[in-house]
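Peer 1: What follows is a predicted protein model with its sequence.
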Amino acid sequence: MTDPTDRRHRTAVPRRHSVPRLRGRTRRVVPRTHWLLLCVLVVTLSAALLLQGYTHHMFGITSDDVTGPRGRADTVPGQVAHGGPVIADAAGSPHTARPKAGTIALTFDDGPDPVWTPRILDVLRRNHVHATFFVVGTQVVAHPELVRRIVAEGHQIGIHTFTHPDLSRLAPWQRSLELRETQLALAGAAGITSSLLRPPYSSESDALDDADWSVLKQADSAGYVTVLSTLDAEDWQRPGTARVLANATPHGKAGQIVLMHDAGGDRSQTVAALNTLIPRLKAQGFRFTTVGAAVGMAGPVQPAGLGNRLQGIALIKMLQLGDGTIRLLGMLMYAAGAISVLRAAVVLVAARRHRRLRTGRRARPWGPPVTEPVSVIVPAYNESAGIEAAVRSLVASDHPVEIIVVDDGSTDGTADLVESLGLPGVRVIRQRNAGKPAALNTGLAAATCDLVVMVDGDTVFEPDAVRTIVQPFADPRTGAVSGNAKVVNRGGLLGRWQHIEYVVGFNLDRRLFDLAECMPTVPGAVGAFRRRALLALGGVSDATLAEDTDLTMALCRAGWRVVYEEGAVAWTEAPASLGALWRQRYRWCYGTLQAMWKHRGALVQGGAAGRLGRRGLVYLLLFQVLLPLLAPVVDVFALYGLVFLDPLRITALWLAFLLLQLLMGLYAFRLDGERPGPLWSLPLQQFVYRQLMYLVVIQSVFTAVSGSRLRWQRMERYGTLRAPAGAETSDEGRPPRVPA
């Protein structure tokens with residue numbers, strides 16, 4: 001969130017009542033329970049998505065044809081293979097039943113469907129005919145109102161499994177789950193249970209094989225009666241209304257169970273055929289009824305018990321929640337993708353234009369060279385590991401400087417170490433520990449120059465950095481200048497990832513902010529200011545933990561121009577462990593949220609303040625708050641897609657996103673004069689570093705909302721900084737120092 005070059009003396013840990021929170025009133029809440037809440041949310045969401053994925057994508061209605069050639073039928077009893085279409089007691093002494101002569105039982109599979117089921121019901125109602133609907137559980141969940149209409153209009157309900165798989169290819173536990181879930185869906189939707197079962201892809205009795213028979217025996221053990229068919233209208237093939245009509249017309253007066261479909265595709269031919277079939281068969285003396293009535297079965301559909309109804313309602317609600325969640329995740333993923341692509345395009349175009357304006361052949365100088373001396377303020381708290389390298393690098397500057405080291409109550413001998421160096425132009429001021437803003441204000445009060453450079457105690461400047469960073473002050477409108485901080489400890493994956501983030505993320509953003517005149521942050525590691533502009537603001541505020549962002553936003557709102565000078569290079573240490581990185585980014589992110597809230601009034605102001613508000617603050621909100629909050633959505637949906645959708649498509653999208661990042665990285669590294677070698681670790685960065693960053697944002701947002709505060713604590717130093725060559729104690733051959 002806050003610029004990663006803002007390296008303060010101390011890290012952040014939760015504490016109440018130490019600095020103002022994001023908004024006014026303080027509540028005594030420590031942000032701990034939100035992680036439990038987040039875990040519960042993740043587990044619940046995962047369970048809902050797993051259930052939704054299983055029920056919608058593991059099998060699903062793919063075809064109404066048989067899934068393969070018929071197998072051996074050695075175990076199928078002869079009385080079943082040559083018997084009627086209704087099979088009972090399959091696990092014991094199987095027997096079958098046929099519809100009574102002159103009786104037609106119309107059956108409809110795969111529904112209910114919101115388009116075709118109501119039309120078929122209308123045809124049945126006009127002709128005063130009752131039928132049997134074998135419903136799919138997922139369709140029941142999606143359209144419970146249609147199930148209630150089917151029951152209310154006197155039709156019979158049977159089950160057709162939950163996801164329409166070939167039951168013979170499933171394990172016994174999966175078969176049981178399919179049947180149980182469908183019963184619960186019926187109980188939740190219409191308050192009923194049914195003992196009628198039609199297995200998907202089933203046909204007539206003589207088509208049963210051994211695998212099918214094992215399904216029927218298991219179903220019988222669970223209390224089901226299997227209903228096959230005697231006539232298949234083959235409407236699933238959509239052969240034409242005349243062909244459907246011919247297939248569904250019986251020959252002779254034998255009773256028939258006619259197989260048709262009210263879902264699974266365009267069923268207009270089915271509707272048209274029914275309009276002709278029913279009146280024609282009635283005229284021939286046939287009577288239409290349900291399967292149960294056709295074979296004399298007593299009460300196959302019964303009211304569901306209270307427990308089943310409650311479980312069914314819960315199942316329906318959970319699956320509906322899963323459906324809604326998937327739709328929402330899909331929309332959010334597309335939104336995040338669109339925002340990311342838009343950001344990449346805007347940032348790259350802006351970076352190219354910024355490069356041309358600053359270093360191209362038509363680049364305009366800021367004005368006459370700035371040669372006036374500069375006060376360099378180094379706030380330091382327990383910086384003994386790197387303060388010598390930092391101060392020596394400043395002494396080696398090729399621009400006249402006075403160096404003011406403000407020791408903020410260090411306990412590790414930082415001040416003594418600087419004094420013992422005996423470097424020319426270096427002054428040490430000691431004060432009791434009061435925080436970085438107080439140390440900077442002490443340095444401002446002691447500075448004798450109008451141009452001030454602020455440097456963290458763990459940062460080493462290039463010899464020309466001070467001279468380069470003050471050149472934009474040739475323009476009297478310039479109030480602050482951001483330099484270019486680079487990671488010095490790039491060893492290991494964590495170092496490489498932070499190096500990539502500094503170059504690609506923050507430096508590209510700075511170029512965009514410079515062009516748009518809405519720079520939100522001049523980093524504490526390498527930033528220059530007009531002293532009088534800071535004094536006019538009352539100095540550095542301690543109202544937020546991101547004092548550099550707060551100060552920069554205040555300068556913008558005061559009408560000062562803030563620019564980026566990429567040639568002013570400084571080297572800084574980055575955290576070398578995930579724990580240290582978490583603490584650092586947590587502080588930055590929370591501090592930036594504080595600063596954004598403090599300066600929210602810029603959104604409705606005009607001039608420079610309005611540019612900050614409507615450009616800078618909106619950009620920060622979109623890309624440093626909302627987009628990281630959407631990142632888990634993208635990850636969850638990607639995992640869901642890999643398991644339940646199209647793995648190749650999801651992988652292709654991920655590779656396209658990675659390619660976009662790689663292109664941005666290559667261009668950013670080229671602009672910064674860096675070798676692109678570390679970019680090989682970019683794919684790995686997506687699996688660890690990215691997740692850490694959006695968890696930081698989540699933690700920061702919860703902290704801000706809960707009203708908890710953060711306090712400073714010492715940042716770990718590693719001693720990897722080195723002074724530039726030639727930074728000895730002698731000042732021979734260097735620009736004159738400003739007298740201390």
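Peer 2: Cool, got the structure.
Peer 1: ok, longest strand in this protein?
Peer 2: Under DSSP state E, the strand in the chain containing the largest number of residues is strand 561-572.
Peer 1: Send me that one as PDB with only the CA atoms.
Peer 2: As requested, C-alpha coordinates have been extracted for strand 561-572 and formatted as PDB (Å, rounded to 0.1, in the frame of the first residue of the first chain):
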ATOM      1  CA  ARG A 561       3.700  20.000  -7.700                       C
ATOM      2  CA  VAL A 562       5.200  16.700  -6.800                       C
ATOM      3  CA  VAL A 563       7.300  14.900  -9.400                       C
ATOM      4  CA  TYR A 564       9.400  11.700  -9.900                       C
ATOM      5  CA  GLU A 565      13.100  11.800 -10.700                       C
ATOM      6  CA  GLU A 566      14.100   8.300 -11.800                       C
ATOM      7  CA  GLY A 567      17.800   9.300 -12.000                       C
ATOM      8  CA  ALA A 568      18.100   9.900  -8.200                       C
ATOM      9  CA  VAL A 569      19.000   6.400  -7.200                       C
ATOM     10  CA  ALA A 570      19.300   5.100  -3.600                       C
ATOM     11  CA  TRP A 571      19.700   1.600  -2.200                       C
ATOM     12  CA  THR A 572      17.700   0.300   0.700                       C
END
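Peer 1: Give me the helices and strands touching it, please.
Peer 2: Applying 3 or more C-beta pairs under 8 Å, 6 or more residues apart in numbering; DSSP states H and E, we find strand 561-572 packed against strand 459-461, helix 465-470, strand 478-487, helix 507-516, helix 547-557. For the C-beta atoms, the positions are set from N, CA and C on the backbone; glycine is no exception.
Peer 1: now what about the second one, what contacts it?
Peer 2: Contacting residues not belonging to helix 465-470 are listed as 370, 374, 376, 394, 397-399, 401, 451, 453, 481, 483, 526-528, 565, 567-570 [C-beta atoms under 8 Å, 6 or more residues apart in numbering].
Peer 1: now the strands: where do they sit in the stretch 151-300 of the chain?
Peer 2: When secondary structure is read from DSSP state E, counting those that start in this stretch, the stretch 151-300 of the chain shows strands at 156-159, 192-194, 196-197, 225-227, 231-232, 256-261, 287-289.
Peer 1: I'd like the ones you listed as a markdown table, with mean pLDDT, distance to A351 and mean neighbour count appended.
Peer 2: Putting the strands of the stretch 151-300 of the chain into a markdown table (pLDDT from 0 to 100; distance: least, C-beta to C-beta, whole Å; neighbours: other C-beta atoms under 10 Å) gives the following:
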| stretch | mean pLDDT | distance to A351 | mean neighbour count |
| --- | --- | --- | --- |
| strand 156-159 | 97 | 61 | 25 |
| strand 192-194 | 96 | 65 | 22 |
| strand 196-197 | 97 | 65 | 25 |
| strand 225-227 | 96 | 68 | 26 |
| strand 231-232 | 94 | 66 | 18 |
| strand 256-261 | 96 | 58 | 26 |
| strand 287-289 | 96 | 74 | 20 |
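Peer 1: V370 belongs to a strand?
Peer 2: No: note on V370: no strand contains this position according to DSSP: H, G, I helix; E, B strand; the rest coil, which reports coil.
Peer 1: Low-confidence ranges, the stretch 51-200 of the chain, go.
Peer 2: 56-70 (pLDDT under 70).
Peer 1: Distance check, the residue nearest to the spatial centre of the chain against G324.
Peer 2: Central residue check for the chain by C-alpha atoms, centre = their mean: the C-alpha nearest the mean position is that of V633, 2.4 Å away. Using C-beta to C-beta, to the nearest Å, one gets 14 Å for the distance from V633 to G324.
Peer 1: now the lengthiest helix in the chain: how far from the chain's centre is it?
Peer 2: In the chain, taking DSSP state H as the definition, the longest helix is helix 306-359. On the basis of C-alpha atoms, centre = their mean, to the nearest Å, the separation between the geometric centre of helix 306-359 and that of its chain is 6 Å.
Peer 1: now that helix: mean pLDDT?
Peer 2: Confidence for helix 306-359, expressed as mean pLDDT, is 86.
Peer 1: what lines up beside the helix or strand following it in the sheet?
Peer 2: Using DSSP states H and E, the helix or strand that follows helix 306-359 in sequence is strand 374-380. When pairing is defined by DSSP bridges, strand 374-380 lines up against strand 401-408 (parallel), strand 451-454 (parallel).
Peer 1: Tell me the gap between the helix or strand just after strand 374-380 and the middle of its chain.
Peer 2: On the C-terminal side of strand 374-380, the nearest following helix or strand under DSSP H and E is helix 387-395. The chain centroid and the centroid of helix 387-395 are separated by 43 Å under C-alpha atoms, centre = their mean.
Peer 1: May I see the buried residues of helix 387-395?
Peer 2: I387, E388, A389, A390, V391, R392, S393, L394, V395 (16 or more other C-beta atoms under 10 Å).
Peer 1: what does stretch 315-331 give?
Peer 2: L315, I316, M318, L319, L321, G322, D323, T325, I326, L329.
Peer 1: do stretch 512-528 as well
Peer 2: 512-516, 518-528.
Peer 1: for stretch 639-658, same thing?
Peer 2: Along stretch 639-658, the positions that meet the burial threshold by neighbour count (16+ other C-beta under 10 Å) are Y640, G641, F644, L645, I650, L653, W654, F657.
Peer 1: Can you pick out the most distant pair from the residues you listed?
Peer 2: The largest distance within the buried residues of stretch 639-658, taken as C-beta to C-beta, falls between F644 and F657 and amounts to 20.0 Å.
Peer 1: out of everything not next to it in sequence, what's closest to F513?
Peer 2: Closest residue in space to F513, ignoring its immediate chain neighbours: M519 at 4.2 Å, by C-beta to C-beta, 6 or more residues apart in numbering.
Peer 1: tell me the pLDDT at that neighbour?
Peer 2: What the model reports as pLDDT for M519 is 95.
Peer 1: so the longest helix of the chain versus helix 507-516, what angle?
Peer 2: If you take axes from the mean of the first three to the mean of the last three C-alpha atoms, to 10 degrees, helix 306-359 sits at 70 degrees to helix 507-516.
Peer 1: Now do helix 306-359: which elements does it pack against?
Peer 2: Helices and strands touching helix 306-359, by 3+ C-beta pairs under 8 Å, 6+ apart, are helix 33-53, helix 137-142, helix 172-190, helix 507-516, helix 627-644, helix 647-671.
Peer 1: of the ones you listed, which approaches T96 most closely?
Peer 2: Of all the helices and strands packed on helix 306-359, it is helix 172-190 that lies closest to T96, at 20.6 Å by C-beta to C-beta.
Peer 1: I appreciate the help and will end here.
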